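S.K.: What follows is a predicted structure for the sequence shown.
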Amino acid sequence: MKLLSRAALDDLSAKATASPRKRAHLNLHDSPADLLQRFFVAADRDTYIRPHRHRAKGELALVVRGRFDILTFDDAGTVVARWK
């Protein structure tokens with residue numbers, strides 16, 4: 001079991017703000033080879049995470065605090081849904 005305290009989230013948020021890409025992450029998975037990539041991402045309001053696909057892995061994202069928009073695309077790159 002891995003526990004993440006409020007102080008750890010605050011620290012991750014501070015790292016995101018200081019980062020040139022305006023985000024920071026903390027992996028919960030042990031290896032990039034793990035089939036499920038679990039991690040916490042702190043993202044500053046001005047960050048952008050480009051669309052990407054993992055063909056051989058799953059990815060799980062949960063909003064712990066704050067908010068963000070999620071867009072999904074079809075194989076041609078057309079937006080098919082947006083969640084706010």
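M.R.: The structure has been received and is ready for your questions. Numbers count the residues shown, from 1 in each chain.

S.K.: residue ranges for the helices of the chain, please.
M.R.: Taking DSSP state H, the helices of the chain run over residues 6-18.

S.K.: Sketch out the low-pLDDT regions of it for me.
M.R.: Per-residue confidence for the chain (pLDDT under 70) gives these ranges: 60.

S.K.: what do you get if the cut-off is 90, keeping everything else the same?
M.R.: Residues of the chain meeting the criterion pLDDT under 90: 1-4, 27-30, 32-41, 44-70, 75, 84.

S.K.: Quick check: closest non-adjacent residue to residue 58.
M.R.: residue 36 (5.0 Å; Cβ to Cβ, 6 or more residues apart in numbering). Yep, even glycine has a C-beta here, placed from its N, CA and C like the rest.

S.K.: try residue 82
M.R.: Per Cβ to Cβ, 6+ apart, closest to residue 82 is residue 71, 5.1 Å.

S.K.: Test my guess that that neighbour contacts residue 79.
M.R.: Yes - when contacts are counted by Cβ atoms under 8 Å, residue 71 is listed as touching residue 79 (5.3 Å).

S.K.: can you tell me which strand in this protein is longest?
M.R.: Ranked by residue count, the top strand of the chain under DSSP state E comes out as strand 36-43.

S.K.: Residue 15: what's it in contact with?
M.R.: For residue 15, the contacting residues are 24, 42, by Cβ atoms under 8 Å, 6 or more residues apart in numbering.

S.K.: quick one: it and residue 4, what's the gap?
M.R.: 14 Å (Cβ to Cβ, to the nearest Å).

S.K.: ok, the longest strand of the chain: who's next to it in the sheet?
M.R.: strand 23-27 (antiparallel), strand 58-60 (parallel) (DSSP bridges).
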